[in-house]
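Novice: okay, sequence plus prediction incoming.
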Amino acid sequence: MKKVIVFSLVLGAICLLAGCQKENEWKESSETATKTDLANIEEVLITKDNICIKYPKLINLVNSKIEDKWNGIIQEKITSDLDLLTENDVYNLDYEVVSSSEDELSIKMVGSCHYDGATQPFSFIYTYNISLETGDSIRLCDRADVNQLAEKIYNNQGFQIETTIKEKFIDYIYSAFDNEELLAEMLMNFDYSEDNNQPFGYSFYQDGRLHLCIEVPHDLGDFIIIELENS
């Protein structure tokens, strides 16, 4: 039976998450569920004004070094996001554990932001694919031939996407990339890198299929997720 423990507290300081804020500025609550899988997740909730952030915290991993490493990476990203926000900005972030096994944990982060004064909000997505054996980030280029992927995508083959936007997506690919080689170069730089270079996109593994998260113009939804066949 799943056991859920919920508790709330007012932070005296939130230096770890958002720099040195005034005492009692932020409220943080955490929901912890004991699970049977190896990669247990504790949900952390941060709310203030128009900001609502839910993010995962790894707990009870067999390898505590991997746990500490990725909790630091995830929290650092949250901190950097918070540092960019003002009290009039609207920001929402949530997460989903899309796959969890003895070898790998894949987490999808999806959010939206409307900066004060901006004409419209935008949506975004990023992922973490964590090797529970080595602690390394599993990148798209680690498990797929990006040249073959680029060839298939450029030729409108080997992937599934919502039918209503497929034609516009292909039109965007052709307008953004003059050839398959340039598309392959973008795919080569997908996912979190240990050298902290900004990824050009993200991937995740779910239900036995590899998915790509590709940034697109706002009128197409800001990002599109495609599901690769035979992956």
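Specialist: Sure thing, it's come through. Numbers count the residues shown, from 1 in each chain.
Novice: show me how the chain divides into domains.
Specialist: Here the domain parsing of the chain from automatic domain parsing is 3-131, 140-228.
Novice: mean pLDDT lowest for which of the ones you listed?
Specialist: Sorting the domains of the chain by mean pLDDT places domain 3-131 lowest, at a mean of 78.
Novice: how far is that one from where the chain is centred?
Specialist: Domain 3-131 has its C-alpha centroid displaced from the chain centroid by 10 Å (Cα atoms, centre = their mean, to the nearest Å).
Novice: do the same with stretch 167-179
Specialist: The answer for stretch 167-179 is 24 Å, by Cα atoms, centre = their mean.
Novice: returning to that earlier point: can you redo the domains of the chain as JSON lines with mean neighbour count?
Specialist: Quick note: C-beta positions are derived from backbone N, CA and C, even for glycine. Formatted as JSON lines, the domains of the chain follow (neighbours: other Cβ atoms under 10 Å):
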{"stretch": "domain 3-131", "mean neighbour count": "16"}
{"stretch": "domain 140-228", "mean neighbour count": "16"}
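Novice: ok, and what's touching stretch 187-194?
Specialist: 73, 126-129, 136-141, 146, 149-150, 197, 199-203, 212 (Cβ atoms under 8 Å, 6 or more residues apart in numbering).
Novice: redo that, cut-off 6 Å
Specialist: Residues outside stretch 187-194 that contact it (Cβ atoms under 6 Å, 6 or more residues apart in numbering): 137, 139-141, 146, 149-150, 199-203.
Novice: just stretch 156-166 next, same as before
Specialist: Against stretch 156-166 from outside (Cβ under 6 Å, 6+ apart): 152, 170, 226-229.
Novice: check stretch 196-212 too.
Specialist: 98-99, 106, 108, 126-127, 140, 186, 189-191, 213-214, 225-228, 231.
Novice: restricted to helices, list the residues you listed.
Specialist: 140, 186 (DSSP state H).
Novice: which of the contacts of stretch 196-212 fall within strands?
Specialist: Among the contacts of stretch 196-212, the members found in strands (DSSP state E) are 98-99, 106, 108, 126-127, 213-214, 225-228.
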